[in-house]
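>>> Sharing a sequence plus its predicted fold:
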Amino acid sequence: MSSPRIVAVEPSSPASQAGLAVGDEVLAVDGEPARDLIRWRVLTDGADLSLEVRRGGLEHTVEVPKRAGQPLGVEVHSALFDALQTCDNHCAFCFIHQLPKGLRRSLYKKDDDYRLSFLYGNFTTLTRFTEADLERVLTEKLSPLNVSIHATDPDLRARMLRNKRGAVSLRWLRALLDAGIDVHGQVVVCPGVNDAAVLDDTLLGVLDRFPELRSVAVVPLGVSRFNTEPDMRPHSVAEADAVCDSVDRWQETFLAVLGRRVVFAADEYYLLARRPFPPADSYEGFAMHEDGIGMARTFELEFTGHAEDVVGVRPGFFAWADSAVAEGAGDDVAYEPYRGIRTAPGQVVLRPRAGAPVGILTGTYAAPVLEPLVGSLDRDDVRVIAVEARYFGGNVGVAGLLVGEDLARVLAAEPHGHRYLLPDVCLSQGLFLDGTAPESLPRPVEVVRTDGVALRQALTPS
């Protein structure tokens, strides 16, 4: 097990005043090693800490006077200091299996770790969950968690996960709910596998067995051009329309029985089915925003100034795996993939004149969402530029999977001297997934936070 390594110290903080420095390894806090960021936060929340620190190969004790609850004032290198709980499922619909060769090694790392579910909203199938994990979740009140359901029929779930434990691992979901842990569920719908009557059966199973779930996101299968699974294919328009109808029916049932809608369809389904998005209040607080549920309505509220809070989108589609650092060789390579220090959003590269025409770069899914919003400004100097994701191909159309190669192809055909706005969701560590940087694009771009407020501000004349 590695130890947390300090990567930043806040000036005038207890850590700074005690002499802690960037590069220090904290071996123990009050005699206890921290196995992950969760335990680290618990241990450093106390008063008057005693830290065992390794610096320059030498170990010594640092006493840190502080109040209970006062932040220590440091950032550490990773979320996990012990072994990552990797995923041993072999789902045919897994997008990581559909990545091209030659990307950063960290992007091929699959996790099924409940700790990352708690910290960053990753989904876990619970197939590697144990009694010890349950005890820790309950003891430390690690809530909410996100659980991949896909099907409530045991045999089908095992087949979809290609893991026999998939047939029984939802017993842990029942245990979590019994203990009062908030859980959000997800169903990735694969046409011909768990859609139509099977989807209805799954949602009936949720109502019957797991009615305490806070929400269930129904999301479409993503298929890249590198897919090798012949049974995995994009939805047709009719199939997307049927999913929307099914979700509508089940929302009415959940409302009647539980007093809340529970199940929600991803924005992609409404775009695929060419249907209007549901009203904003029907999303019941946008609990599954990060899973693509209600993003369009949220963005609209932000852009028009009607949002109570700015939600935005986490930068980087693979941000959870984007700051990997090799610490070994061969099969023993260890990675530090989770939530590394990222460059600040909003960086500007060679900004053209303020009054220049504006092109808003986005994916093909977001373009029809942005176009009416931009049109409402009644300006002929602003346009939406839909960038086709040819790098991944298939049915990939989200802005978070745009890469430098796609953007360079489109920008090369655009005029010089215009302002080009780029959403930060397609960047992590200042790079696109294909390893290129905004500075390498054929036109200067301005990186803008992926929320409606930031876009409106970028379009407002200074």
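Received, thanks. Numbers count the residues shown, from 1 in each chain.
>>> Check the gap between residue 430 and residue 410 for me.
Distance of residue 430 to residue 410, computed by CB to CB, to the nearest Å: 20 Å. The way it works is simple: take the backbone N, C-alpha and C, and place the C-beta from them, glycine included.
>>> again with residue 361
Taken as CB to CB, the span from residue 361 to residue 410 is 7 Å.
>>> cool, and residue 386?
9 Å.
>>> number of nearby residues for residue 205?
If you count neighbours by other CB atoms under 10 Å, residue 205 ends up with 17.
>>> Which positions within stretch 147-155 qualify as buried?
Of all the residues in stretch 147-155, those buried under the rule 16 or more other CB atoms under 10 Å are 147, 148, 149, 150, 151, 152, 153.
>>> got the contact list for residue 415?
residue 357 (CB atoms under 8 Å, 6 or more residues apart in numbering).
>>> for this protein, which helix is longest?
helix 237-258 (DSSP state H).
>>> Which residues belonging to it are considered buried?
Here helix 237-258 shows 239, 240, 241, 242, 243, 244, 246, 247, 250, 251, 254 as buried, counting by 16+ other CB under 10 Å.
>>> next one: stretch 88-102
In stretch 88-102, counting by 16+ other CB under 10 Å, buried: 89, 91, 92, 93, 94, 95, 97, 98, 99.
>>> any idea how far the last one lies from residue 154?
Spelled out, that is residue 99. From residue 99 to residue 154 the distance is 30 Å (CB to CB).
>>> helices and strands around the worst-scoring helix or strand of the chain on mean pLDDT, which ones?
Within the chain, no helix or strand scores below helix 114-120, which has a mean of 91 by mean pLDDT, DSSP states H and E. Contact here means 3 or more CB pairs under 8 Å, 6 or more residues apart in numbering; DSSP states H and E; on that basis helix 114-120 packs against helix 37-43, helix 131-140, strand 145-148.
>>> ok, now with 6 Å
strand 145-148 (3 or more CB pairs under 6 Å, 6 or more residues apart in numbering; DSSP states H and E).
>>> Centre of the chain to the strand it packs on, how far?
From the chain centre to the centre of strand 145-148 is a distance of 13 Å (CA atoms, centre = their mean, to the nearest Å).
>>> Where does pLDDT dip in the stretch 251-400 of the chain?
Low-confidence segments of the stretch 251-400 of the chain, defined by pLDDT under 70: 314-351.
>>> before we move on, the earlier item: could you tell me which residues touch both of residue 361 and residue 410?
residue 387 (CB atoms under 6 Å, 6 or more residues apart in numbering).
>>> which residues in this structure form helices?
With DSSP H as the criterion, the chain has helices at 14-18, 37-43, 114-120, 131-140, 154-161, 170-178, 196-209, 237-258, 267-272, 295-304, 367-375, 404-411, 452-459.
>>> what is the mean pLDDT for the fifth one?
If I follow you right, that is helix 154-161. For helix 154-161, mean pLDDT is 98.
>>> before we move on, what about the fourth one?
Here helix 131-140 scores 96 as its mean pLDDT.
>>> which other residues reach it?
Applying CB under 6 Å, 6+ apart, the external contacts of helix 131-140 come out as 114, 175, 179.
>>> Count residues in the vicinity of the nearest residue to residue 192 once chain neighbours are set aside, would you?
Closest residue to residue 192 apart from its sequence neighbours, by CB to CB, 6 or more residues apart in numbering: residue 231 at 6.9 Å. By other CB under 10 Å, 10 other residues sit near residue 231.
>>> Residue 203 versus residue 231, what's the distance?
22 Å.
>>> Residue 140 now?
31 Å.
>>> next one: residue 43
41 Å.
>>> Of the two, which one has the most company?
Neighbours per residue (other CB under 10 Å) separate residue 43 from residue 203, with residue 203 holding more: 24 against 20.
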